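Colleague: No sequence on hand, only this structure:
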């Protein structure tokens, strides 16, 4: 859970979230390119919104990926504890006779990474995509309570 409240719509920010590994490019809106290859590669859809909730049974991630087919998205587990969601939204083909008045929809590559807690069952990850929303479910291991045996005190 993030410790930083959001000022926009009640969503939590991931700026200081220790589990979020987003790549932030402070120069992404400037007319010149950034020096970082990773941030340049992911800046196109870095605004891909992902919700992460923890239920008693699982960690559930939901990512809005409008206009992207499930074949264009990869869900991977790195080093046993890092969930990576990546993909690419292709640019619409331009016709030389078209006059564009506004281009607001983003295209390009994106990557989102999340470090998962120790209680995640990474061998049971499930992903599905419906109506442009990717849902990833990672079951949690049951936390075993320590076996406590009372000892009688004699005296």
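Modeller: Arrived safely. Keep in mind it's a predicted model, so treat the numbers as computed, not measured.
Colleague: Could you use CA atoms for every contact and neighbour count after this?
Modeller: Fine.
Colleague: buried set for stretch 56-76?
Modeller: Residues of stretch 56-76 classed as buried: 58-65, 68, 70, 73, 75 (neighbour count, 16 or more other Cα atoms under 10 Å).
Colleague: what separates the residue nearest to residue 56 when sequence neighbours are not counted from residue 132, distance-wise?
Modeller: With Cα to Cα, 6 or more residues apart in numbering as the criterion, residue 56 has its nearest non-adjacent residue at 7.8 Å, and that residue is residue 140. In this view, residue 140 and residue 132 are 26 Å apart by Cα to Cα, to the nearest Å.
Colleague: The two: which is more packed in?
Modeller: Shown here are residue 140 and residue 132; by other Cα atoms under 10 Å, residue 140 has more neighbours (19 against 14).
Colleague: right, and that one touches residue 117 too?
Modeller: No: using Cα atoms under 8 Å, residue 140 makes no contact with residue 117, being 9.2 Å away.
Colleague: for residue 53, what are its contacts?
Modeller: Applying Cα atoms under 8 Å, 6 or more residues apart in numbering to residue 53 gives the contacts 59-61.
Colleague: cutoff 6 Å now
Modeller: By Cα atoms under 6 Å, 6 or more residues apart in numbering, the contact list for residue 53 reads 59-60.
Colleague: let's have the chain start at 155 instead
Modeller: Let's use 155 as the start, then, which means that last one is residue 207.
Colleague: Report the buried residues of the strand or helix carrying it.
Modeller: In this assignment (DSSP states H and E), residue 207 forms part of strand 204-208. Using 16+ other Cα under 10 Å as the test for burial, strand 204-208 gives 204, 206.
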